[in-house]
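Q: Following is a predicted model, sequence given first.
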Amino acid sequence: MATSPPLVSQAGILQKYFSLDQKGTLIAEYIWIDSEGGTRSKSRTLPEKPYKPEDLPIWNFDGSSTGQAPGDNSDVYLRPVAVFPDPLRRGPNILVLAECWDADGTPNKYNHRHETAKLMAAHAAHEPWFGLEQEYTLLDLNDRPYGWPQNGFPAPQGPYYCGVGAGKVVQRDIVEAHYRACLYAGIKVSGTNAEVMPAQWEFQVGPCVGIEMGDQLWLARFLLHRIAEDFGVKVSVHPKPIAGDWNGAGLHSNFSTKEMRAEGGMAHIEAAIAKLGTRHAEHIAVYGADNEKRLTGRHETGAIDQFTYGVANRGASIRIPRECAAKGYGYFEDRRPASNACPYQITGIIMETIFGPV
Ligand code: ADP
Ligand code: MN
Ligand code: MN
Ligand code: MN
Ligand code: MN
């Protein structure tokens, strides 16, 4: 596989500035979700001290520049909801995840966290655990999967999944850097692996409790884009980056409750799956754009217009892991969400369908 020249940041030169004394200040990087399913961020200086979300100032940005507000009423407010140590700047510096609110005091159209947080609070007694598997594809600056020939295709899928060795995987440095950065920030990354399509990778976050799932996955996505930027590489979360006989990218969503994790939990898992089956279309509606290109019933997916489930079945909408079926309790995997879906919307609708609206 040919490579294109990387545009790397001057990280070595930066080091001498990063060791400078910050004179009692810290840099807070405020991060929010934009109208395109990406993250945006900007920095501000604050006095150095420990911060909880409620201690941090509400801030704002120009929503007309991000497609989140009209030009004649452009201020969108940033309300901090989670704070993480900053693995990029280190020292006392922090990453601040913020919800977007409009000037009239209502959640911004692209703020999917607010409603989901209410569902999580209302049903907290069930102790909902989520584990999300984020698949993504690394692209060069010409939007070609990294390492693919400029005119043509790599050899067919087979050697790449969990691959080891030159010609099988690319940009492992980004994967390693992202893994360490997530652990430093306190993200519950549970693992990572190379995927079936060359230049495609996956990391998993979880188990996370309730609203923490969306917060952690969005922070992990921010870090992935930011770290790949250092390497001059683009990250795509499109669910079918290359048409044809190439695997798409998903966001498999594993779920359990206190009841499902206990002896006899399979009855609760089956009852939940029955409820999911009654709202298939509503789930698909929030499980990511262009998902019809991925959920074809081929390439380890179920068909988009059918709800199916089965033990150890990777061609079904819902998979019950073999180990859980054998034990009689555990969790299930919703395989429908696309890699570009919003984790707040996924975890929110799972809660709503199983436990009812708030
Ligand atoms: P797969 O076999 O589908 O590739 P992975 O190992 O990639 O699965 O991901 C499984 C995810 O499920 C991980 O994020 C893990 O933390 C999560 N998980 C494990 N047990 C539970 C549970 N009881 N409830 C919810 N999520 C769980
Ligand atoms: Mn300005
Ligand atoms: Mn996986
Ligand atoms: Mn996978
Ligand atoms: Mn999976």
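A: Great, that's in hand. Numbering: from 1, shown residues only. Ligands and ions are numbered 1, 2, ... in the order given.
Q: Double-check that Gln15 belongs to a helix.
A: Yes. Judged by DSSP: H, G, I helix; E, B strand; the rest coil, Gln15 forms part of a helix.
Q: Tell me where the stretch 101-250 of the chain has strands.
A: 129-139, 189-194, 200-209, 234-236 (DSSP state E, counting those that start in this stretch).
Q: what's the last one packed up against?
A: Using 3 or more Cβ pairs under 8 Å, 6 or more residues apart in numbering; DSSP states H and E as the contact criterion, the neighbours of strand 234-236 among helices and strands are strand 129-139, helix 212-230. Using the backbone N, CA and C atoms, a C-beta is placed for each residue, glycine as well.
Q: Now tabulate the ones you listed in JSON lines and tack on mean neighbour count.
A: Converted to JSON lines, these look like this (neighbours: other Cβ atoms under 10 Å):
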{"stretch": "strand 129-139", "mean neighbour count": "23"}
{"stretch": "helix 212-230", "mean neighbour count": "22"}
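Q: For ligand 5, which of the ones you listed is the nearest?
A: Shortest distance between ligand 5 and the helices and strands packed on strand 234-236, using Cβ to the ion, is found for strand 129-139: 4.8 Å.
Q: what about stretch 93-110, start to end distance?
A: Using Cα to Cα, to the nearest Å, the end-to-end distance of stretch 93-110 comes out at 27 Å.
Q: for stretch 103-116, same thing?
A: Using Cα to Cα, the two ends of stretch 103-116 sit 21 Å apart.
Q: got the buried residues for that stretch?
A: Residues of stretch 103-116 classed as buried: Asn108, Tyr110, Asn111, His112, Arg113, His114, Glu115, Thr116 (neighbour count, 16 or more other Cβ atoms under 10 Å).
Q: now stretch 141-154
A: Applying a neighbour-count criterion of 16+ other Cβ under 10 Å, one finds Arg144, Pro145, Tyr146, Gly147, Trp148, Pro154 buried in stretch 141-154.
Q: With stretch 301-312 instead?
A: Those would be Thr301, Gly302, Ile304, Phe307, Thr308, Tyr309, for stretch 301-312 by 16+ other Cβ under 10 Å.
Q: Could you do stretch 202-210 as well?
A: Those would be Glu202, Phe203, Gln204, Val205, Gly206, Pro207, Cys208, Gly210, for stretch 202-210 by 16+ other Cβ under 10 Å.
Q: Which ones among these also lie next to ligand 5?
A: Among these, not one lies near ligand 5 by Cβ under 5 Å from the ion.
Q: of those, list those near ligand 1.
A: Counting by Cβ under 6 Å from any ligand atom, Gln204, Gly206, Pro207 from the buried residues of stretch 202-210 sit close to ligand 1.
Q: what are the bridge partners for the residue lying closest to the second one once chain neighbours are set aside, then?
A: Spelled out, it's Gly206. Nearest residue to Gly206, sequence neighbours excluded (Cβ to Cβ, 6 or more residues apart in numbering): Gly131, at 2.8 Å. Taking DSSP bridges, one obtains Asn254 as the residues bridged to Gly131.
Q: just the buried residues of stretch 103-116 now: which is nearest ligand 5?
A: Nearest to ligand 5 among those is Thr116, at 21.6 Å by Cβ to the ion.
Q: dump the residue contacts of the closest one.
A: Thr116 makes contact with Ile211, Gly214, Tyr344, Gln345, Thr347, Gly348, Met351 under the criterion Cβ atoms under 8 Å, 6 or more residues apart in numbering.
Q: Quick check: closest non-adjacent residue to the fourth one.
A: Ranked by Cβ to Cβ, 6+ apart and with sequence neighbours excluded, the top spatial neighbour of Gln345 is Val286, at 4.2 Å.
Q: can you give me phi and psi for that neighbour?
A: Val286 adopts backbone torsions of phi -110, psi 10, taken as degrees, to the nearest 10.
Q: OK, contacts around the nearest residue to Glu202 once chain neighbours are set aside?
A: Among residues not flanking Glu202 along the chain, Glu135 sits closest, at 4.6 Å (Cβ to Cβ, 6+ apart). Going by Cβ under 8 Å, 6+ apart, Glu135 touches Glu195, Gln200, Trp201, Glu202, Ala249, Gly250, Leu251, Ser339.
Q: ok, back up a step: any chance of JSON lines for the buried residues of stretch 103-116, columns distance to ligand 1?
A: What follows is these, written out as JSON lines (distance: Cβ to the nearest ligand atom, whole Å):
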{"residue": "Asn108", "distance to ligand 1": "29"}
{"residue": "Tyr110", "distance to ligand 1": "25"}
{"residue": "Asn111", "distance to ligand 1": "25"}
{"residue": "His112", "distance to ligand 1": "20"}
{"residue": "Arg113", "distance to ligand 1": "20"}
{"residue": "His114", "distance to ligand 1": "23"}
{"residue": "Glu115", "distance to ligand 1": "21"}
{"residue": "Thr116", "distance to ligand 1": "16"}
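Q: Go through those and flag which are in helices.
A: Using DSSP state H, the members of the buried residues of stretch 103-116 that fall in helices are Arg113, His114, Glu115, Thr116.
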